[in-house]
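Q: Could you look at this predicted model? Sequence included:
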Amino acid sequence: MTKGVRIIVASILILLIGSVIAVVIVFRPSDKKIVKILQDNKVIYILDLSKEKDRTFRIEAANGGWNDITIKDGKICVSCADCPDQTCVNTGFLRSEGVPVVCLPHRLVIRFADEEKK
């Protein structure tokens, strides 16, 4: 193997290992239990999932649409929505700090809070 080929193989291995590490960091489950629900970039709820009872509630959007939010077993998700693509519903339960649950048509975001609930 020539020196150039060894450098290319080593570079590819470094990129592959770096990519795997990045994916693990971004998608690792969060141990945080405080979540923020934002609509139009304004906080509308701050919830402590460790204290919330299992329930479902609806958030109405300014455009007349809606999202049903479900809290179950200390987890939160958008369980139903009237948006056309259903990306927010298909995202499932909020698991990672790096990947929030987002509904673009209704400008809704569910993410783990940066700070503790006051």
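A: Yep, that arrived.
Q: could you pull out the helices for the chain?
A: Secondary structure of the chain (DSSP state H): helices located at 3-27, 87-91.
Q: Most tightly packed of the ones you listed?
A: Burial of these is given as mean neighbour count (mean count of other CB atoms under 10 Å); helix 87-91 ranks first at a mean of 17. Just so you know, the C-beta spots here come from the backbone N, C-alpha and C atoms, and that holds for glycine as well.
Q: who does that one touch, helix- and strand-wise?
A: Here helix 87-91 touches strand 75-81, strand 101-103, going by 3 or more CB pairs under 8 Å, 6 or more residues apart in numbering; DSSP states H and E.
Q: Kindly reformat those as CSV and extend each row with mean pLDDT and distance to residue 17.
A: Below are those laid out as CSV (pLDDT from 0 to 100; distance: least, CB to CB, whole Å):
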stretch, mean pLDDT, distance to residue 17
strand 75-81, 96, 31
strand 101-103, 95, 30
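Q: right, so of the ones you listed, which gets closest to residue 68?
A: With CB to CB as the criterion, residue 68 lies closest to strand 75-81 of these, at 4.1 Å.
Q: how about low-confidence regions in this structure?
A: Low-confidence segments of the chain, defined by pLDDT under 70: 26-31, 115-118.
Q: Go again with 80.
A: Residues of the chain meeting the criterion pLDDT under 80: 24-32, 114-118.
Q: got a list of what the most centrally placed residue in the chain touches?
A: Among the residues of the chain, residue 100 comes closest to the average C-alpha position under CA atoms, centre = their mean, at 2.0 Å. Going by CB atoms under 8 Å, 6 or more residues apart in numbering, residue 100 touches 94, 109, 110, 111, 112.
Q: How many neighbouring residues does the third one have?
A: Close neighbours of residue 110, defined as other CB atoms under 10 Å, add up to 24.
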